[in-house]
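# make a model of this:
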Amino acid sequence: MSRHASDSNLIAATKFTSNGSKMEPMDIERIFGENAFGIEEMKNRLSPATFESLIATIDKGQQIDSAIADEVAKAMKEWAVERGASHFTHWFQPLTGSTAEKHDSFITPNKGGGAIAKFSGNDLIQGEPDASSFPSGGLRATFEARGYTVWDPTSPSFIIENKSGAYLAIPTAFASWSGEALDAKTPLLRSMHAIDDQARRALKLFGHDDVHKVTSTVGVEQEYFLIDEEYYYRRPDLMTSGRTLIGAKPPRGQELDDHYFGSIPDRVLSCMIETEKELYRLGIPVKTRHNEVAPSQYEIAPIFENTNVACDHQQLIMITLQRVARNHGMVCLLHEKPFAGINGSGKHNNWSIGTDTGINLLDPGDNPHDNLQFLYFCTAVIAAVYKHQDLLRVSVAHAANDHRLGANEAPPAIISIFLGEQLEDVFNQISSGTATESKQGGLLGLGTPVLPHLPRHAGDRNRTSPFAFTGNKFEFRAVGSSQSVSFPNTVLNTIVAEALDGMSGRLEAALSGGASLEDAVAGVVRETINDSKAIIFGGDNYSEAWHKEAERRGLLNLRNTVDALETLISEKNIRLFESYGVLSEAELRSREEVWFEQYFTKINIEAETTESIARTMVMPAATRYLKTLVDTIDQGKEVGVSVRGVKETAVHLAAYVDELQDSLTELIDANKELGGDSVHQKVHHMVKNVIPSMNKVRHACDRLERITAGDLWPVPTYRDMLFVK
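Modelled structure (predicted):
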């Protein structure tokens, strides 16, 4: 037996699949990070001085020394060329919500008429893509084209491969010629600096002078659908908008609860394994895979990473899922609600903060009532979420997520915090005096000696909560499956930095007045929690009773994207982002403009696609079937055959055709009228007129689907798409 066949690191020795093809073994330790220019590769290729300088930037946030750029560029180029790369790109995240790249060849002509592979420090540090065609929200005029991409040394460069070649991708920030952030990464990095500053300030008050850096960390659970590629290309709505704009719910959906955590179909499992292998090679630590609630819905989740790296990796996870699915004859749908009436997809954003000395600041320990440091930082999160409910809601607000939030499958649009029975009890004690005990979970016996007794947590979880404490982190469950997680984490970092700033100011004042640390912390925590406790809720967030209770508490209920976005540029929010250097007022206003424009554009595309499908596909199919029924009725009369059932079907069908025509006329008129000249007027027209008209057309189409002959129906049905594995 070979070494590899017996190696415990191999996921599989040489085996064969059910169709007889060879199954390649996966040695995770060998392949992990082989396509990323990570720490080990840097250490092997850079001089000790350059390596130490770069590590100081990555680990401690020190200013990058531009003098090392040429050496880093040379090493990076040599590594990339060895791995088959012929081009490089500055990989960045413009305000489109996705990623962008412009490829340049390493090859440069020389004087002798040949070519050499060249890549300098200047090539590494700065690029200059055309900025005019990216959304800027008024920061740049269309004719002002210059924009800069700037190397982010804290996120590893990586290789992207396909069967024809490879290229080097360098994570970068993207800014205008005048210095404004035109991307998602720049404010995220600024927010990480803000929370680092304020968390270290607080830790010094607790006696931690040895902490040199505090970093927010994130682990993101990604939900997605996989459907057969053939069905995707036969659905114009999926191709243009990512969701089905018509489609009747099938007799069987997710009612049997048999898909969740069920056995993974072979083709899907093959796709998952290939996806994971590609992600491992990029250095992305994916850990979990399983079937989700809806048929053909799945989940992948990595372990925690530095927030900046995690956000880059999250984009790569989405890209890789979509790319690899095609290799298996499938399409990956990342839309929050691709199938009406079927469970939608989210992206649970698990957020925490930790020190470079290894302390998780949100770990309560066994007795959280005695853990002053934990209570302090946890209270800061609670206060931040209470004060900035609007910003957290804005951070997940977009047209696709409106279909998911508020349904009995996802958190409501009302932001609240679930702490769990143990922590909620501790904070209740603090609120009314002093915390003296923490509820313990004990052991869970299962009634049979063959099963071990399990340590039971002191509180259950709450899947209906939008923002839940889950042991040593907070899980922001309202994030949409298709969106970048950069802005939600920018918001989290910034609002918690502000809360720590305010609390530390009060704590410093108490300590300078002679109070002991214990008494001073207790006083600040008690005051803060009493001001913020309206945000804490441990019950059913889906219930109508909670909506009424939330209103009584004064919590916001921003039901749709437009309602949420209109709160973004309030004086409170402008002051917040400017105070911590995360976004200037101009940068914040630009994002409001871009996100309103994106909302309008996406709804407009959906509306025009709905109109097209209804007019050119559904109506002809229905009228062809109606003609068949009418012809059958006429022929039946001629030969004296009873056609009562055919007549009744024809009457119903004709009524539904009329309903479709009436609703279609309304939608056509709504699509012609944009609602005004400003983007704000346009989005309100979409909400008030276009979306209701689209829903009426859909209702009519779905009624026709249930009665029209299957061989005449022009698009694949839910039954086709959801159950063909």
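
# wait, a helix at Leu492?
Yes - checked against DSSP: H, G, I helix; E, B strand; the rest coil, Leu492 lies within a helix.

# any idea how far it lies from Ala175?
Distance, Leu492 to Ala175, by C-beta to C-beta, to the nearest Å: 23 Å. Placement of C-beta: from N, CA and C, glycine included.

# who has more neighbours, the two?
The neighbour comparison of Leu492 against Ala175 (other C-beta atoms under 10 Å) goes to Leu492, with 29 against 19.

# what's the pLDDT at the more buried one?
Leu492 carries a pLDDT score of 98 in this model.

# who's in contact with Pro171?
Contacts for Pro171 (C-beta atoms under 8 Å, 6 or more residues apart in numbering) come out as Trp91, Phe92, Trp151, Asp152, Ser155, Pro156, Ser157, Lys185, Asp312.

# could you export those as a markdown table, including secondary structure, neighbour count and distance to Thr217?
Converted to a markdown table, the contacts of Pro171 look like this (DSSP: H, G, I helix; E, B strand; the rest coil; neighbours: other C-beta atoms under 10 Å; distance: C-beta to C-beta, whole Å):
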| residue | secondary structure | neighbour count | distance to Thr217 |
| --- | --- | --- | --- |
| Trp91 | strand | 26 | 22 |
| Phe92 | strand | 29 | 22 |
| Trp151 | strand | 23 | 23 |
| Asp152 | coil | 24 | 17 |
| Ser155 | coil | 23 | 14 |
| Pro156 | coil | 23 | 16 |
| Ser157 | coil | 26 | 21 |
| Lys185 | helix | 25 | 17 |
| Asp312 | helix | 28 | 14 |
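
# save those as CSV, and put in pLDDT too.
Putting the contacts of Pro171 into CSV (pLDDT from 0 to 100) gives the following:
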residue, pLDDT
Trp91, 94
Phe92, 92
Trp151, 91
Asp152, 93
Ser155, 95
Pro156, 96
Ser157, 96
Lys185, 96
Asp312, 97
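
# now, which of the residues you listed sits nearest Met503?
Lowest distance from Met503 to the contacts of Pro171 (C-beta to C-beta) belongs to Lys185, with 28.5 Å.

# now the helices for the stretch 451-600 of the chain?
486-512, 517-532, 544-553, 561-565, 571-579, 585-613 (DSSP state H, counting those that start in this stretch).

# ditto for the stretch 251-400 of the chain
Under the criterion DSSP H, counting those that start in this stretch, helices of the stretch 251-400 of the chain are mapped to 266-281, 307-327, 372-387, 389-395.

# distance check, the nearest residue to Gly165 once chain neighbours are set aside against Leu168.
Spatial nearest neighbour of Gly165, chain neighbours left out: Ser86 (5.7 Å); criterion: C-beta to C-beta, 6 or more residues apart in numbering. For Ser86, the distance to Leu168 equals 9 Å [C-beta to C-beta].

# more neighbours: which of these two?
Set Ser86 next to Leu168 and count neighbours by other C-beta under 10 Å: Leu168 wins out with 27 against 16.

# report pLDDT for the closest residue to Ile415 other than its chain neighbours.
Sequence neighbours aside, Gln389 is the residue nearest to Ile415 in space, at 4.2 Å (criterion: C-beta to C-beta, 6+ apart). Looking at Gln389, its pLDDT is 97.

# how about Asp425?
As predicted, Asp425 sits at a pLDDT of 84.

# make residue 1 into 757 and carry on from there
That works, and once the first residue is 757, the last one we named lands at Asp1181.

# give the helix, strand or coil label for it.
State at Asp1181, reduced to three classes by three-state DSSP: helix.

# gap between it and Phe1230?
According to C-beta to C-beta, Asp1181 stands 18 Å off from Phe1230.

# same drill for those two, tell me which one is more crowded.
Remark: of Asp1181 and Phe1230, Phe1230 carries more neighbours, 25 against 19, as counted by other C-beta under 10 Å.

# who's the more buried one bridged to?
Judged by DSSP bridges, the bridge partners of Phe1230 are Trp1107, Phe1225.

# ok, it - contacts?
Per C-beta under 8 Å, 6+ apart, neighbours of Phe1230: Asn1106, Trp1107, Ser1108, Leu1118, Val1137, Ile1173, Phe1223, Ala1224.

# same thing with Phe1352?
Listed by C-beta under 8 Å, 6+ apart, the contact set of Phe1352 reads Val1318, Leu1321, Val1435, His1436, Val1439.

# returning to that earlier point: who's in contact with the residue nearest to Gly921?
Ser842 sits next to Ser861, Phe862, Ile863, Gly921, Ala922, Tyr923 when contact means C-beta under 8 Å, 6+ apart.

# redo that, cut-off 7 Å
Ser861, Phe862, Gly921, Tyr923 (C-beta atoms under 7 Å, 6 or more residues apart in numbering).

# which single one of these is nearest to Asp821?
The closest of the contacts of Ser842, once distances to Asp821 are taken by C-beta to C-beta, is Phe862, at 24.1 Å.

# pretty sure that closest one is touching Lys833, no?
Yes - using C-beta atoms under 7 Å, Phe862 is in contact with Lys833, at 6.3 Å.

# okay if I get the helices of the stretch 1207-1356 of the chain as CSV plus distance to Pro1472?
Output for the helices of the stretch 1207-1356 of the chain, formatted as CSV (distance: least, C-beta to C-beta, whole Å):
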stretch, distance to Pro1472
helix 1242-1268, 34
helix 1273-1288, 50
helix 1300-1309, 36
helix 1317-1321, 29
helix 1327-1335, 44
helix 1341-1369, 13
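
# about what we covered before: give me the buried entries from the contacts of Phe1352.
Buried subset of these (neighbour count, 16 or more other C-beta atoms under 10 Å): Val1318, Leu1321, Val1435, His1436, Val1439.

# surely Val976 is within a strand?
Yes - the assignment for Val976 by three-state DSSP puts it in a strand.

# hey, what's it bridged with?
Asn1105.

# distance of it relative to Lys1229?
Applying C-beta to C-beta, the value for Val976 to Lys1229 is 12 Å.

# between those two, which one's more packed in?
More neighbours surround Val976 than the other of Val976 and Lys1229, with 24 against 21 (other C-beta under 10 Å).

# what's the distance between the more buried one and Met948?
Distance, Val976 to Met948, by C-beta to C-beta: 16 Å.

# cool, Met832 as well?
Going from Met832 to Met948 by C-beta to C-beta gives 24 Å.

# is the residue nearest to Asn1062 when sequence neighbours are not counted in a helix, a strand, or coil?
Spatially, and ignoring its direct neighbours in sequence, Asn1062 is nearest to Thr971 (5.5 Å; C-beta to C-beta, 6+ apart). Applying three-state DSSP to Thr971 yields a three-state assignment of strand.

# isn't Thr971 right up against Phe1060?
No - using C-beta under 7 Å, Thr971 is not in contact with Phe1060; the gap is 10.3 Å.

# which member of the contacts of Phe1352 is positioned nearest Leu994?
Nearest member of the contacts of Phe1352 to Leu994, counting by C-beta to C-beta, is Val1439, at 23.9 Å.

# let me see the contact set for that closest one.
When contacts are counted by C-beta under 7 Å, 6+ apart, Val1439 touches Val1318, Phe1352, Tyr1355, Phe1356.
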